[in-house]
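> This is a predicted model, with the sequence first.
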Number of protein chains: 2
Amino acid sequence: MFKPPTIAWEDNRVVMIDQTRLPGELILHRCDTVEQMAEAIRSLRVRGAPAIGIAAAYGVILGLQGCSASTFEEFEEQMERVMALMRATRPTAVNLSWALERLRSVAVEHKGASVAEIKKALLVEAQAIHQQDARLCRQIGENGQELVHEGARVLTHCNAGRLATGGIGTALGILYVAHRQGKKITVYADETRPLLQGARLTTWELMQEGIPVTLICDSSAARLMARGQVDFALVGADRIAANGDVANKIGTYNLAVLCAKHNLPFYVAAPSSTLDLALSDGDQIPIEERAAEEVTEVCGRRSAPLGVAVSNPAFDVTPGGLVSAIITEKGVFRSPYRRSLSRMKNHRGNQGPARL
Amino acid sequence: MFKPPTIAWEDNRVVMIDQTRLPGELILHRCDTVEQMAEAIRSLRVRGAPAIGIAAAYGVILGLQGCSASTFEEFEEQMERVMALMRATRPTAVNLSWALERLRSVAVEHKGASVAEIKKALLVEAQAIHQQDARLCRQIGENGQELVHEGARVLTHCNAGRLATGGIGTALGILYVAHRQGKKITVYADETRPLLQGARLTTWELMQEGIPVTLICDSSAARLMARGQVDFALVGADRIAANGDVANKIGTYNLAVLCAKHNLPFYVAAPSSTLDLALSDGDQIPIEERAAEEVTEVCGRRSAPLGVAVSNPAFDVTPGGLVSAIITEKGVFRSPYRRSLSRMKNHRGNQGPARL
C-alpha cells in the first residue's frame, strides 16, 4: 500500500501525488494558489472525475484564501472568478461543476455571515466532498460485488482507482473489495493511449495491492475476448447522461462494442455525482480535445513526423444500450436507464457503514 | 518522394531503410551476412509481410555467398541451415516461407549445375521476387480502385505501404493510385501500438506523397466511425487462411469488429503470396508473441512498473466473415472465401502493364 493520499489538504495548501511522474517517481506536488491548481488539473497531475471534483473544490479554497472582501457581493464576485478558472480547466467530467455548485450553495447559505466565516464553511464543505468521496468509493465497491464472481477475469481501461478518487476508486474499488473478500480475480489493464494511465497508474495500484494484473495494448483487447480470456469489462465514467450514455476515457466505447460482439458484460462504476440528468443524451456531453503532442510525443520523445495532423479527443461516448449495468453508491442500475437513473437520483442510498 | 528504396541488393550486399529510426532519421542499414539479415528482420529494421519475403530471399543469398561446397548435397545442407535461420526470425508472415520455397525450387532445378551457377540462379530468383512484388503492388493498386470513391475517407492500421513491400505498398498502394487518379481521398492512420508503425511510417509515407492524413490513437477509431467520419477501413495482411481468416497487425480484428458495428466495409489488400491455402482457418496461423519491453518502454523510456506482466501478441486474426473484400493482384475477392480464394490461386491474373 502506498502511503501518500492521491490528494490532501494540509497546512492551508493542497498536496497531491504528481501522477505525470508515476510510475517512475512518487513525487508530491504542492499547490498554494488557484492558478497552480488549474495548472495541476490541466496537465493531469491530478485526474479522474471524482478527484477532479475534489481538486476543484480545494482550488476554490486556495483562490479565496487571500480574499479581503468586505461585503458578500465582493466575496461572491471573487468566488465566481475563481470558480470560472476551475471550470475552464477541463470540460468533460461533470464532478467538477458538481463540486463547485456545492460550494456555491454553502456560500449563499452563509450570506449573512462574515467573510471569514464563509471561508471556513467553504473549507469544511470541500473537506466534506473529499471525505464523502472516500465513503462513496467503499459503497460502490460493496455494491459491485454481485457482479464479480470468484476467479473473475476483468478488463479495465484507463485508471478508475485510488489515483482517480478520494478513496479506493470506483471500478478498481470494486476489484479491491473483491480481492479482500478472497475472490481470486485477475485483471487485464489496457495501457490507455495516449497518456498511458493504464500502464502507468492502474498496474501500479493493482501491483501494490497484490492483485494479478497483465498489461496489454488497447488494441489487443479484442483478441483476448475472442480467445475467451475475459469475463467482463469494468470502467469508470466522467459524465453519464440521463439515458445512460457514458462519457469516459477515449477507447471506452471501443471496449463496449467489443464486449457486445463477444457477449460479455460491460460495466460502468461511478458515484452519483457523475450523473448529469440535465443532459438527455451523450451527444450533449462536451468532449475535450487535447494537444497533438500527447499523441506525437511519447514520454517526451517524438514518434510521428513534424507537422502531422492529429485528432486527440480525450473521451468518447458509449451509448447506454451497450452498458450492462452502472454501479453507484446507491446500487446497481440497469437499462432502461432513463427510468432507473432518474429514480436513483431521488433515492437516498445506504452510505455506511463501510466494511473495507 | 523519398529516394532510397525500402530494400535493395547492391554490391553483393543488402541496403535497407532502418525503419526503427523513422521518422526522426532516414538512415540506411547494411547487411553483409545472413546473421545480420536475421537481426534486421527480428528487430523490425525491415518489416511488412512482402518486404520480409524479399529480405529473407536476399538473406539466403548472403548466407551462401561464401559457400565453398563441392557437391550439391553439401550446398543443399548449407542452404537448409541458412533457410532455417531466416525462417526462425518471424513466424506469422507466410511470405517468408513462400520466398524460401521459391529459392529451394530453383536450387533443385539446378541440381546438375556448378555451385557458382546455382548461386547465380538463386540471386536472379531473389531479385525476381523483389521486382515481382513491385509489379504486384501496382496491380493491387489498380484492382482496388473499384472500392475507392472520390473523396473517400479511409482508416488504415499499421503500415502496408512502400515501407512494407518492394513497391508502392498493398493497402497504401491502392491509396497512392487513387490519389494519382485525382480522387480527393483523406486518410486516418491508427498509430498502431506498441511499435507505432502507423504514427512513424504510414504518416511519413503519406505526407511525402501529399495525401492528407490525420494520426489517431488506435482506440479512437470507434469514435470516428460513430461520428460518420470514416467510409471504410483498408489494411494489409501477414497471412490469409483458406477460409479468408486474416492474420495482420494486432488491432486489425478490433477494427473489423468496429466496421461491422458501424456498417462500414472492411478491406484487406495483399499479394497472393500472403495466402496460405494449407491452413483451413486462422486458428492455425502461428501468432508471434513479442517482448514485454515493446509495451513497457516507449521510445526507450519506461512507461510501466518494473516487473509488470505483459501480453504482447504482434498479430491477431480477423475472421473471414468480417472481411468485405480481399484485394490481390489477381482481382477483388469476396465471401465465401473458401471458394473464391481457391479459384484465385489457380487463376493467372493480369500483372501488367502497370499504369502508375
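That came in fine, so what should we check first? Numbers count the residues shown, from 1 in each chain, chains lettered A, B, ... in the order given.

> ok, and the closest residue in space to A:Arg81 that isn't next to it in sequence, which helix or strand is that part of?
Leaving aside its chain neighbours, A:Arg81 sits nearest to A:Gly63 (7.7 Å; criterion: C-beta to C-beta, 6 or more residues apart in numbering or on different chains). Placement of C-beta: from N, CA and C, glycine included. Per DSSP states H and E: A:Gly63 is located in helix A:49-64.

> Past that helix, which element shows up next along the chain?
Immediately after helix A:49-64, counting by DSSP H and E, sits helix A:72-87.

> which helices and strands does that following helix pack with?
When contacts are defined as 3 or more C-beta pairs under 8 Å, 6 or more residues apart in numbering or on different chains; DSSP states H and E, helix A:72-87 sits against helix A:34-42, helix A:49-64, helix A:94-109, helix A:115-143.

> Would you mark the buried spots in the longest one?
Spelled out, that is helix A:115-143. A:115, A:118-119, A:121-123, A:125-127, A:129-130, A:132-143 (16 or more other C-beta atoms under 10 Å in any protein chain shown).

> Any residues of the stretch 251-356 of chain A in contact with chain B? List them.
In this structure, the stretch 251-356 of chain A approaches chain B at residues A:251, A:253-254, A:257-258, A:260-261, A:295-296, A:298-305, A:307-313, A:316-317, judged by C-beta under 8 Å from any C-beta of the partner chain.

> What mean pLDDT does stretch A:310-322 get?
Mean pLDDT, computed over stretch A:310-322, is 98.

> what helices or strands is the helix holding A:Gly63 leaning on?
Checking 3+ C-beta pairs under 8 Å, 6+ apart, helix A:49-64 ends up next to strand A:7-10, strand A:13-17, strand A:28-31, helix A:34-42, helix A:72-87, helix A:94-109, helix A:115-143.

> The first one: how far from the chain's middle?
Average the C-alpha atoms of strand A:7-10, do the same for its chain, and the two points are 17 Å apart (C-alpha atoms, centre = their mean, to the nearest Å).

> The second one now?
Taking the mean of its C-alpha atoms, strand A:13-17 sits 17 Å from the chain's own mean (C-alpha atoms, centre = their mean).

> Tell me the helices and strands packed up against it.
By 3+ C-beta pairs under 8 Å, 6+ apart, strand A:13-17 packs against strand A:7-10, strand A:28-31, helix A:49-64.

> want to try JSON lines for the helices and strands packed on helix A:49-64, with distance to B:Ile27 and mean pLDDT as columns?
Shown next, in JSON lines, are those (distance: least, C-beta to C-beta, whole Å; pLDDT from 0 to 100):
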{"stretch": "strand A:7-10", "distance to B:Ile27": "46", "mean pLDDT": "97"}
{"stretch": "strand A:13-17", "distance to B:Ile27": "40", "mean pLDDT": "98"}
{"stretch": "strand A:28-31", "distance to B:Ile27": "39", "mean pLDDT": "98"}
{"stretch": "helix A:34-42", "distance to B:Ile27": "38", "mean pLDDT": "98"}
{"stretch": "helix A:72-87", "distance to B:Ile27": "48", "mean pLDDT": "97"}
{"stretch": "helix A:94-109", "distance to B:Ile27": "47", "mean pLDDT": "96"}
{"stretch": "helix A:115-143", "distance to B:Ile27": "51", "mean pLDDT": "97"}
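
> Could you export those as a markdown table, including distance to A:Val230?
Below are the helices and strands packed on helix A:49-64 laid out as a markdown table (distance: least, C-beta to C-beta, whole Å):
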| stretch | distance to A:Val230 |
| --- | --- |
| strand A:7-10 | 32 |
| strand A:13-17 | 29 |
| strand A:28-31 | 35 |
| helix A:34-42 | 33 |
| helix A:72-87 | 37 |
| helix A:94-109 | 28 |
| helix A:115-143 | 21 |
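
> With only the CA atoms kept, save the helix or strand A:Arg343 falls within in PDB.
Assigning secondary structure by DSSP H and E places A:Arg343 in helix A:337-345. Output of helix A:337-345 as PDB, limited to C-alpha atoms (Å, rounded to 0.1, in the frame of the first residue of the first chain):
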ATOM      1  CA  TYR A 337     -31.600   4.000 -17.800                       C
ATOM      2  CA  ARG A 338     -33.800   6.900 -18.300                       C
ATOM      3  CA  ARG A 339     -36.100   5.400 -15.800                       C
ATOM      4  CA  SER A 340     -33.700   3.700 -13.400                       C
ATOM      5  CA  LEU A 341     -31.300   6.700 -13.200                       C
ATOM      6  CA  SER A 342     -34.000   9.200 -12.600                       C
ATOM      7  CA  ARG A 343     -35.300   7.000  -9.700                       C
ATOM      8  CA  MET A 344     -31.700   6.700  -8.400                       C
ATOM      9  CA  LYS A 345     -31.200  10.400  -8.200                       C
END
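
> buried set for that helix?
A:Tyr337, A:Ser340, A:Leu341, A:Met344.

> Tell me how far it lies from the chain's centre.
Worked out by C-alpha atoms, centre = their mean, helix A:337-345 lies 21 Å from the chain centre.

> which residues in the stretch 101-250 of chain A form strands?
A:153-156, A:186-190, A:213-216, A:232-235, A:239-241, A:246-249 (DSSP state E, counting those that start in this stretch).

> is any part of the third one close to chain B?
This means strand A:213-216. Yes: interface with chain B: strand A:213-216 contributes A:Val213, A:Thr214, A:Leu215, A:Ile216 (C-beta under 8 Å from any C-beta).

> ok, which pair from these is furthest apart?
A:Val213 and A:Ile216 (10.1 Å; C-beta to C-beta).

> Overlap of the contact sets of the two?
A:Tyr188, A:Ala189 (C-beta atoms under 8 Å, 6 or more residues apart in numbering or on different chains).

> In the stretch 1-150 of chain A, what residue comes closest to chain B?
Among all residues of the stretch 1-150 of chain A, A:Pro23 sits closest to chain B, at 4.4 Å; criterion: C-beta to the nearest C-beta.

> number of nearby residues for that residue?
Neighbour count of A:Pro23, defined by other C-beta atoms under 10 Å in any protein chain shown: 21.

> Ok, A:Val213 next?
Residues near A:Val213, counting by other C-beta under 10 Å: 24.

> So what sits opposite it in the bridge?
Beta-bridge partners recorded for A:Val213 (DSSP bridges): A:Val187.

> still on that earlier bit, kindly reformat the buried residues of helix A:337-345 as CSV containing pLDDT.
Formatted as CSV, the buried residues of helix A:337-345 follow (pLDDT from 0 to 100):
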residue, pLDDT
A:Tyr337, 97
A:Ser340, 95
A:Leu341, 95
A:Met344, 78
